[in-house]
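Novice: Next come a sequence and a model predicted from it.
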Amino acid sequence: MGLKEKILVKSLWVFHISAGSCNNCDIEILDCLTPRFDIERFGMQLIGSIRHADVLLVTGAMNKKSAPILKDLYEQAPKPCFVVAVGTCPCSQHMFKDSYNTISSLDAIIPVDVYIPGCPPKPEAIIAGIAKLINKLTNDKR
Amino acid sequence: MSKKKIIPIGPYHPLQEEPEFFKLIVEGEKVVELEIEIGYNHRGIEKLAENKHWDQVTFVVERICGICSTSHPFAYVLAVEDLLGMQPPQRASYIRMIIDELQRIHSHLLWLGLAGHFIGYNTIWMWAWKAREPILDLFELISGNRQHYAMMKIGGVRKDIDPQNYQAIRKTIKELYPTLKMFEKVVKDDPVIMKRTKGVGVLTKEYAISFGALGPTARASGVNIDVRKDDPYALYDKIDWSVVVLTDGDIYAKILLRILECLESSSIILKCLESLDRIPKGEIETEVFDIPAGEGIGRVEAPRGECFHYVRSDGTNRPVRHKIRAPSFMNVATNLVTVCGYTISDAAITLAAVDPCYCCTERGAVFSKSGKKILTGEELIKLSIEKTEKLKRLYQKQNKFNFQNKNI
């Protein structure tokens, strides 16, 4: 583990991108911040600018209009930047696979570190996913 | 005269939950014009629905929107039931109403929290979302999922509500009541909320009607429009309730109206439970075998306004055409008048005040000309401009109509 990652895992700042989702994963991500789940106690914070982000939470089935912008956003993020696919749509396109406007799953566009399937995943699952990312970064085999 | 400048908001902006693009054209601090660009959420649901079996479509339309995720399947099953000319069992109708009203409370509280967030009042965000959690627990108890309940089915509902759970629902609703009353008091008392929202982003009744605004956006402007009263579906006509209408049309009225609607919804739920108590436990669905050729419509009052579904069948196991009209499409257009004339800092809350839902709105239309050429958006706009010009010339010749730009 490099020095950068070692510092990062103490306080991951997350940026949320909705690339053509149905809003459910988005509100579940926001739900993680509100009193019942409150991920800010783990040092995670939802931030407003991509240039401060350590983790991108991507939701939704990529469509032809949002995919190029998503790629741009990933290029603007400071590296190392970790990508989490939240929901079944970015993982495997869900039921939008045959649609004329969706392109591919997320990993064909940008590299993905953690997949959180579910329609929508519960806030507990999202928190567990981020915790797995931290485990992955610290090479913890738990 | 000062120079005009453009402030872009979006498509990915911390203000927004969803991708959409606004161009604010400003003179100094004042917003003079607004351009809206959507399309980042389009997934081609109507076309997908035409390739699915009648039962599968219920799940596809559920994924149109996550917040009002029972309104779309509800409207769809009503459309198919209209096609079949059948009525679901009484018990199923009451269960549908309970789910619909619970969802209304959850959606309005969610919006209230986001509205608090947009005016920089994060306390309201946290409080409202905390109050919303017990409702999600109820959904998990009834349907097994926090969001996307999958309760609707052609001919009835997929799951029954266990009579043992009535008490849990009653308890949650009764516990929520003081919280909602507290929110009402906070909004009426707090000087900061008053200053930020009173008289800001006013949508007059005339504009609300001319833009075809629906739901809370129209009702806050004094337009008494509610599908549940105007064209009752399910069993809304069997239950005593009233439509909340406010007249100011500003953001303050929109906030207050949604809180009052939550209170109204909770009383509807309690009345539905009373009726369920009287009905013996029994059938929750009528079995449907074949769907004949024909067409049907379904209208449902979603938390944001009237949601409309149209289906056409040719007797096979798939719909030939499925048309969806979501309320946000009309409501988002009202931003064109509500944002202009106020400062940039008010734009955030004003743009959010209609409770926009872009994932619902983004229906696409591709026109095929002579079976070969498919027109792009720009070409379509060019065609549209040409048509308007043509009409202008025609009417100017006849002197019947004066086409002056009203500059909205």
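Specialist: Structure received.
Novice: Give me the most central residue, chain B.
Specialist: The residue lying closest to the centre of chain B (Cα atoms, centre = their mean) is residue B:304, at 2.7 Å.
Novice: who's in contact with that one?
Specialist: B:68, B:107, B:214-217, B:326-328, B:331, B:354-355, B:357, B:360 (Cβ atoms under 8 Å, 6 or more residues apart in numbering or on different chains). For every residue, glycine as well, the C-beta is placed using N, CA and C.
Novice: and these, which of them are in helices?
Specialist: Among the contacts of residue B:304, the ones falling in helices (DSSP state H) are B:107, B:215-217, B:328, B:331, B:360.
Novice: Reformat these into JSON lines and put distance to chain A, neighbour count and pLDDT next to each item.
Specialist: Output for the ones in helices among the contacts of residue B:304, formatted as JSON lines (distance: Cβ to the nearest Cβ, whole Å; neighbours: other Cβ atoms under 10 Å in any protein chain shown; pLDDT from 0 to 100):
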{"residue": "B:107", "distance to chain A": "10", "neighbour count": "27", "pLDDT": "93"}
{"residue": "B:215", "distance to chain A": "17", "neighbour count": "27", "pLDDT": "92"}
{"residue": "B:216", "distance to chain A": "18", "neighbour count": "28", "pLDDT": "92"}
{"residue": "B:217", "distance to chain A": "18", "neighbour count": "29", "pLDDT": "92"}
{"residue": "B:328", "distance to chain A": "11", "neighbour count": "26", "pLDDT": "87"}
{"residue": "B:331", "distance to chain A": "16", "neighbour count": "27", "pLDDT": "89"}
{"residue": "B:360", "distance to chain A": "9", "neighbour count": "28", "pLDDT": "75"}
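Novice: Show me which of the residues you listed is closest to residue B:238.
Specialist: The closest of the ones in helices among the contacts of residue B:304 to residue B:238 turns out to be residue B:215 (Cβ to Cβ; 22.5 Å).
Novice: ok, for that closest one, nearest residue in space, not its chain neighbours?
Specialist: The shortest distance from residue B:215 to any non-neighbouring residue, by Cβ to Cβ, 6 or more residues apart in numbering or on different chains, is to residue B:305 (2.7 Å).
Novice: And for residue 111, the neighbour number?
Specialist: By default, I'm working from chain A. Residue A:111: 10 surrounding residues under other Cβ atoms under 10 Å in any protein chain shown.
Novice: looking at chain B here, not the other one
Specialist: Residue B:111 sits with 24 neighbouring residues when counted by other Cβ under 10 Å.
Novice: Next secondary structure element downstream of the helix or strand encompassing it?
Specialist: Secondary-structure element containing residue B:111, defined by DSSP states H and E: helix B:90-118. Per DSSP H and E, helix B:90-118 leads on to helix B:122-143 as the next helix or strand towards the C-terminus.
Novice: dump the residue contacts of residue B:299.
Specialist: B:75, B:78, B:227, B:231, B:233, B:306-309.
Novice: Now flag whichever of these is closest to chain A.
Specialist: Nearest to chain A among the contacts of residue B:299: residue B:307, at 14.5 Å, using Cβ to the nearest Cβ.
Novice: contacting residues for the closest one?
Specialist: By Cβ under 8 Å, 6+ apart, the contact set of residue B:307 is B:68, B:71-72, B:75, B:299-301, B:324-327, B:360.
Novice: Extract the residue ranges of the chain that are flagged as low pLDDT.
Specialist: Unless you meant another one, I'm taking chain A. In the predicted model of chain A, residues A:1, A:140-142 satisfy pLDDT under 70.
Novice: I was thinking of chain B, sorry if that wasn't clear
Specialist: B:1-2, B:14-15, B:363-381, B:384, B:388, B:391-392, B:395-408.
Novice: How many residues are close by the nearest residue to the residue nearest to the centre of chain B once chain neighbours are set aside?
Specialist: Leaving aside its sequence neighbours, residue B:304 sits nearest to residue B:327 (Cβ to Cβ, 6+ apart; 4.5 Å). For residue B:327, the neighbour count with other Cβ under 10 Å is 31.
Novice: Backbone dihedrals for residue A:86, please?
Specialist: Note on residue A:86: backbone dihedrals following degrees, to the nearest 10 are phi -100, psi 120.
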